[in-house]
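1. coordinates for the following, if possible.
(2 chains)
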Amino acid sequence: MKPIRHLLAAIGLSFVLSPAHAGQVEVLHWWTSGGEAKAMGVLKEMMEEQGHTWKDFAVAGGGGEAAMTVLKTRAVSGNPPAAAQIKGHDIQEWAKLGFLTNLDDVAKEEKWDQVLPPIVSDIMKYEGHYVAVPVNVHRVNWLWVNPDVFKKVGVEVPHTWDEFFEVADKIKAAGIIPLAHGGQAWQDATVFEAVALAELGPKDYTAAFVNHDMDVLSGPKMVEALTKFHKIRDYIDPNAVGRDWNVATKMVINGDAAMQIMGDWAKGEFTAADKVAGKDYLCVPAPGTEDSFTFNIDSLAMFKLNNEANEKAQMDLARTILRPKFQTIFNKAKGSIPVRTDVDMASFDDCAKASMKAFKSTADTGGLVPSMAHGMATTSAIQGQIFDVITNFFNTKDADPEATAKQLASAVQSAL
Amino acid sequence: MAHSGVVSETASQPARGRLTQRLQQWLPKLALAPTAAMALVGIYGFMFWTGVLSFTGSTFLPSYEFVGFEQYAHLFSNARWATACANLAIFGLLFIFCCLVIGCFLAILLDQRIRNEGVIRTIYLYPLALSMIVTGTVWQWILNPSLGLEKLMHDWGWTSFKFDWLTNPDMVIYTIVIAAVWQASGFVMALFLAGLRGIDPAIINAARVDGASLPRIYLRIVLPAMRPVFFSSVMVLAHIAIKSFDLVMAMTSGGPGYASDLPAMFMYSFTFTRGQMGLGAASSIMMLAMLLALLVPYLYSELRGQRNG
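-> Numbers count the residues shown, from 1 in each chain, chains lettered A, B, ... in the order given. Just a heads-up that it's a prediction; the model follows:
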């Protein structure tokens, strides 16, 4: 009898001891490159410390296109993952269809409203309720500079577009490509966005790309922005067509090109090449956008689940993501900055520190604007229409800026 | 043992025979049923569903809010769709024409009873064994001005040589024709060669005896006899052209800008990446309509001709 009683006691005890809330979290993401994968490994460990099981659901490829296709199938068949990497306006779309869960309890407990800038938390909310958790903030309007090239040619880093064209002429005359660029629609849009922000200013930028004010979209400032944008064609090499952004970054690293306009994920390429920020490469705000910050925020949207233990695990995941510890580790690996404004930045590099400083100051001044090129400003339908007009304009030799501005307005109108 | 088995089988033969006969009647139908059901659902069912979706305001998941012909109106006012259709016309016509001419010419040359024919035939046929992705990537390297042909010529000293079609929005569609023709003309050659070999040598000999020259024999006797081969080649090439996706994706991904976009790529990007499923569905229905507009008259004339002949 005795051994059996012991056994029963042991079984009973094991029920008591095992964490009552142990659940499983399945996370769909496409953070699969070296540093990113390591960062996700940290999140996995932190979840396992809390007694949950982590089920990795990484779908690589196509900037998330493949992952979205899988997610749609899973969601429609009633078996969504706990969390999925969805960003910007798509969060609203998913929430509208009733797939996302309410995170208000965790948000209140963790005081998200106090630590996140309102412009960020608005994106994470649907009808006033949190449905997604922001993971990081990328600044898109960066100009990456190879200082050796500038020293060799004897010019200063440009701060306005007029200076940019002057400097670029000299660099071109010295036989170096002034601007490294990849001729893909989203890269064309990334550069255009920087020019448009400089010409329009944050207020009109928001009017054009967030609120779709037709007068601004086809107005004289937009024509001027398009004219400057088209001029950039003369300063990129003819072989840019179809080039990936990281190949363009390598051209800056090697000194084949002097500058690149790209978000701060480009830093990963510099770091991988053992370059040090502030010494081997410089990061300065894109010309004319010093007082603005174009943000691109990655986030995890949380889906409605039908298992209590898993729901508990999901809430713990939401909590963990915004804790300063994860924010620090993940963002150092990804090249971005924490989305919380109260994280200690001492261990970050110069570019990240500058980025955080600008993030905080522009949040107060109104210079913090969503990136159109990265799906933060508008729906994917309108974004696609803008991409088509912009990339076609940029690739046509004698395009007419005035006609294009009108075309831009009507393209946006057709997708409203 | 064997003997007794035969005896017992003979005894029960009438009953079993009927069963076997019935089974034989049903077996082909049974065997084909799953395929037929799959075709019915997988092809015609989804075709119908796509048709329904094209009249809805579906965004990134299907919805059934009917909006009438609005998606078609959007489609026809879309500049990118116009480019894609114009590109398909250029690409499709040139691709089919070049493949037929080159394939037919190669087949006639190979048909002259030359030595090592097997080896040469294999070489011409091999491109077909590659996937379009590989073909596209390789031709992208060859035609890329900074990597391929142009750089080679510059390195050899011919510095004025210029071949930048791949990066020129006005010419880029022709580079896709080049790659596709390279891939498919060997296949057309094989079809024609099979057709040529099927022609009775007696007819050609008779024509020779009558004093017909070789070009005349080919133009007047051989090629007209190849009508069915033309028919199958055009059928195969036309559907390769219309569904062409991977080749463009690998070579230019539609660029520069959207200068080398094709309807299949348009459909994919609107349906799956831009969350405009209604518009994507409308574009695929238009692709179906294009295909039918081309094929139905052709099929009709060919099949009727066959019945009469």
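
2. from here on, contacts and neighbour counts on C-alpha atoms
-> Fine.

3. interface residues of the stretch 151-300 of chain B facing chain A?
-> Proximity of the stretch 151-300 of chain B to chain A, by Cα under 8 Å from any Cα of the partner chain, involves residues B:167, B:169, B:252-253, B:255-259, B:272-276.

4. those residues of the stretch 51-200 of chain A touching chain B, which are they?
-> A:65, A:69, A:72, A:183, A:184, A:185.

5. what residues does the last one make contact with?
-> Residues near residue A:185 by Cα atoms under 8 Å, 6 or more residues apart in numbering or on different chains: A:387, A:388, A:390, A:391, B:257.

6. same thing but 7 Å
-> Taking Cα atoms under 7 Å, 6 or more residues apart in numbering or on different chains, we find residue A:185 in contact with A:387, A:391, B:257.

7. tell me, how many neighbours does the second one end up with?
-> What it means is residue A:391. By other Cα atoms under 10 Å in any protein chain shown, 23 other residues sit near residue A:391.

8. what's around residue 196, how many residues?
-> Since you didn't name a chain, this refers to chain A. 26.

9. not quite, I wanted chain B
-> Residues within reach of residue B:196, counting by other Cα under 10 Å, total 20.

10. determine the set of other helices and strands touching the one helix or strand it maps to.
-> Assigned by DSSP states H and E, residue B:196 belongs to helix B:172-197. Under the contact definition 3 or more Cα pairs under 7 Å, 6 or more residues apart in numbering or on different chains; DSSP states H and E, helix B:172-197 sits against helix B:79-110, helix B:117-125, helix B:132-143, helix B:227-243.

11. give me the contact list for the helix or strand following that helix.
-> Using DSSP H and E, the helix or strand that directly follows helix B:172-197 along the chain is helix B:201-209. Residues outside helix B:201-209 that contact it (Cα under 7 Å, 6+ apart) are residue B:217.

12. what pLDDT, on average, does helix B:201-209 get?
-> Helix B:201-209 shows a mean pLDDT of 87.

13. could you dump that helix to PDB, C-alpha only?
-> The C-alpha coordinates for helix B:201-209 follow below in PDB (Å, rounded to 0.1, in the frame of the first residue of the first chain):
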ATOM      1  CA  PRO B 201       9.400  10.100 -97.800                       C
ATOM      2  CA  ALA B 202       7.600   8.800-100.900                       C
ATOM      3  CA  ILE B 203       5.800  12.100-101.400                       C
ATOM      4  CA  ILE B 204       9.000  14.000-101.200                       C
ATOM      5  CA  ASN B 205      10.700  11.700-103.600                       C
ATOM      6  CA  ALA B 206       7.800  12.000-106.000                       C
ATOM      7  CA  ALA B 207       8.100  15.800-105.800                       C
ATOM      8  CA  ARG B 208      11.900  15.500-106.500                       C
ATOM      9  CA  VAL B 209      11.200  13.300-109.500                       C
END
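
14. got the contact list for the residue in chain B positioned nearest to chain A?
-> Residue nearest to chain A within chain B (Cα to the nearest Cα): residue B:257, separated by 4.6 Å. By Cα under 7 Å, 6+ apart, the contact set of residue B:257 is A:185, A:391, A:392, A:395.

15. can you do 10 Å?
-> Residues counted as contacts of residue B:257 (Cα atoms under 10 Å, 6 or more residues apart in numbering or on different chains) are A:183-185, A:188, A:241-242, A:387-396, B:80, B:169.

16. same check, this time on residue B:233
-> B:96, B:99, B:100, B:103, B:185, B:187, B:188, B:189, B:191, B:192, B:227.

17. I figured the last one hits residue B:302, correct?
-> Yes. With contact defined as Cα atoms under 10 Å, residue B:227 counts as touching residue B:302 (9.4 Å).

18. which regions of chain B lie under the pLDDT threshold?
-> The model of chain B has pLDDT under 70 over residues B:1-15, B:305-309.

19. so what are the domain limits for it?
-> B:2-53, B:76-308 (automatic domain parsing).

20. ranking the ones you listed by burial, who's on top?
-> domain B:76-308 (a mean of 18; mean count of other Cα atoms under 10 Å in any protein chain shown).

21. the helix or strand that residue A:282 is a member of pairs with which strands, parallel or anti?
-> Residue A:282 belongs to strand A:282-285 when elements are defined using DSSP H and E. Note on strand A:282-285: by DSSP bridges, its sheet partners are strand A:142-145 (antiparallel).

22. which residues touch the strand it pairs with?
-> With Cα under 10 Å, 6+ apart as the test, strand A:142-145 has contacts from A:157-159, A:179-180, A:191, A:194, A:249, A:252-253, A:255, A:257-264, A:266-267, A:270, A:278, A:280-287, A:289-290, A:293-294, A:351, A:355.
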